[in-house]
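Asks: predicted model and sequence follow; I will ask about them next.
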Amino acid sequence: MSAESSSAIQRSQVDLLDFVNWSGVECLNQSSSHSLSNALKKGYREDESLNLESDADEQLLIYIPFTQVIKLHSIVIQGPEEEGPKTVKLFANKEHMGFSNVNDYPPSDIAVLSEDNLKGKPVILKYVKFQNVRSLTIFIEDNQSGSDITKVQKIVLSGTTVDTTDMKGLKKIEDH
């Protein structure tokens, strides 16, 4: 693939935040005073003093449903050098996952975050695995230093929407 066509693909990607179904978003093991919205919602995620923190141990399990089918291209997960996430497993279209069964399923992709990733460099995903995504589960397994608290400053999901037919918008054709 030429650099030209590669950058054309990049330009068509959008921040998928507008397509998140907020009523269904969940985060297991989040600190009550440092919740997921600090890292995911516009305005909050740009404020470096706000972050998502784990509570009982270093693991976090984040479930993000979408209002329509999307294609996920890349993910940015920013965090501090020490407590920032390290091993991140992503699952497309897996609902009702908990810490007890997260290892029962093969992840759609695994990312080991580098220092550059924690500063904002996107992780390019296995695009073929994220073509018809209705929901995304992000399992943050550990952090950079092995400490008990993981901190996430910002999560950005980039991709495109899938053009689908709105079945409710179709009208029945009457026989004449």
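Replies: All right, it came through fine.
Asks: would you list every one of the helices in this protein?
Replies: 3-12, 37-40, 115-118 (DSSP state H).
Asks: could you list the low-pLDDT ranges of the protein?
Replies: Scanning the chain for pLDDT under 70 picks out 1-11, 164-176.
Asks: try 90 this time
Replies: 1-12, 48, 96, 127, 162-176 (pLDDT under 90).
Asks: which strand is the longest one in it?
Replies: Criterion DSSP state E: the longest strand present in the chain is strand 60-78.
Asks: which strands and helices lie in contact with that one?
Replies: For strand 60-78, the packing partners by 3 or more Cβ pairs under 8 Å, 6 or more residues apart in numbering; DSSP states H and E come out as strand 26-28, strand 87-92, helix 115-118, strand 123-124, strand 133-140, strand 151-152, strand 154-161. C-beta here means a position set from N, CA and C on the backbone, and glycine is covered the same way.
Asks: partner strands of the fourth one and their direction?
Replies: Meaning strand 123-124. Its sheet considered, strand 123-124 pairs with strand 60-78 (antiparallel) by DSSP bridges.
Asks: what's the angle from the strand it pairs with to strand 87-92?
Replies: Taking axes from the mean of the first three to the mean of the last three Cα atoms, to 10 degrees, one finds strand 60-78 and strand 87-92 inclined to each other by 110 degrees.
Asks: just how off-centre is strand 60-78 within its chain?
Replies: The chain centroid and the centroid of strand 60-78 are separated by 3 Å under Cα atoms, centre = their mean, to the nearest Å.
Asks: would you mind listing the buried residues in the longest strand of the chain?
Replies: Buried residues in strand 60-78, counted by 16 or more other Cβ atoms under 10 Å: 60-66, 70-78.
Asks: which one of these sits closest to Q131?
Replies: Q131 has its nearest neighbour among these in K71, at 5.5 Å by Cβ to Cβ.
Asks: now do the contacts for the closest one.
Replies: 127, 130-133, 159-162 (Cβ atoms under 8 Å, 6 or more residues apart in numbering).
Asks: how much space separates it from E115?
Replies: 28 Å (Cβ to Cβ, to the nearest Å).
Asks: returning to that earlier point: could you identify the most distant pair in the buried residues of strand 60-78?
Replies: Among the buried residues of strand 60-78, L60 and K71 lie farthest apart (Cβ to Cβ), at 24.4 Å.
Asks: neighbours of L28, how many?
Replies: 18 (other Cβ atoms under 10 Å).
Asks: who are the contact partners of the closest residue to it other than its chain neighbours?
Replies: Spatial nearest neighbour of L28, chain neighbours left out: L61 (4.1 Å); criterion: Cβ to Cβ, 6 or more residues apart in numbering. Listed by Cβ under 8 Å, 6+ apart, the contact partners of L61 are 27-29, 97-99, 102, 137-140.
Asks: alright, I will stop here.
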